[in-house]
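A.B. asks: Here you go, sequence then predicted model.
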Amino acid sequence: MGTTETIRRPRFGALRRPAQAALCGALLAASVLPAGSQEGVRHLAGVRADSAHAARGRPERTFSREFWSWMREEARRFRELNGGPFVFALRYRISSDLAREIHQAAQDEGIDPDLAFRLVRVESAFNPRARSPVGALGLTQLMPSTARWIDRTLTHEGILVPRTNLRVGFRYLHGLIDKYDGDLQLALLAYNRGDGAVDRDLRRGRNPENGYSRRVLGVGYERYSGRGVIAQR
């Protein structure tokens, strides 16, 4: 019995060592395959070099399609941001919430947002609680009599609500642009001085300009070049 065991053990060990080596090799090869690669597992032994390259090439093509799809989506988002409230928030260094309020109110009332932001900057420096010595209120510096002429339900505090103030102010400006047949200079002067004063100067052959329209529209390369109004949503 001792002799038989001595003879059999080396044979069993000789068989076990190649099996262990093969198992380790398989595990090592599997560890370097791409995650989820079934192709590599099925053809672990004897895989052709060109087949391996092809298998690696397929994920790269998929990544390329995903990458360009992502780039197109980012470009679309950038186009939407261009000219949107985010751009104006950066330009005028105001909060994104206030920029959205001004932008939305301008679009709702058919005013070009670029002109709307210029007007609010000159009128109130973007201060929702601004009050002038003559009693003008809020972001667009509405006189209470003017605000109530447009909306009779408005109270003193109601005029100071940013959304309401912007809506009424831009509606008033739009009406003045229409009255002066798209002449932004006259419309802005009427917004600042009152249309009665502007009409009186025009009847007398005087230039009603007092510097206000230049402050809003700008000069040189920064001058506003739009029509002032847009199609309402």
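C.D. replies: Received the coordinates, thanks.
A.B. asks: ok, G220 - how many residues close by?
C.D. replies: For G220, the neighbour count with other CB atoms under 10 Å is 5. To be clear about C-beta, it is placed using only N, CA and C from the backbone, and glycine gets the same treatment.
A.B. asks: Check the gap between it and R214 for me.
C.D. replies: G220 sits 11 Å away from R214, going by CB to CB, to the nearest Å.
A.B. asks: how far away is R204 from V122?
C.D. replies: From R204 to V122 the distance is 26 Å (CB to CB).
A.B. asks: what do you get for R152?
C.D. replies: For R152, the distance to V122 - CB to CB - is 28 Å.
A.B. asks: Look at those two and report which has more neighbours.
C.D. replies: Neighbours per residue (other CB under 10 Å) separate R152 from V122, with V122 holding more: 16 against 7.
A.B. asks: tell me the domain boundaries of the protein?
C.D. replies: 45-82, 93-222 (automatic domain parsing).
A.B. asks: Out of these, which one sits most buried?
C.D. replies: Mean neighbours per residue, mean count of other CB atoms under 10 Å, is largest over those for domain 93-222, with a mean of 17.
A.B. asks: End to end on it, go ahead and measure it.
C.D. replies: 17 Å (CA to CA, to the nearest Å).
A.B. asks: which non-adjacent residue is nearest L115?
C.D. replies: G228 (5.2 Å; CB to CB, 6 or more residues apart in numbering).
A.B. asks: Please list all residues in contact with that neighbour.
C.D. replies: G228 makes contact with 111-112, 115, 177, 182, 184, 187 under the criterion CB atoms under 8 Å, 6 or more residues apart in numbering.
A.B. asks: Done for today, thanks.
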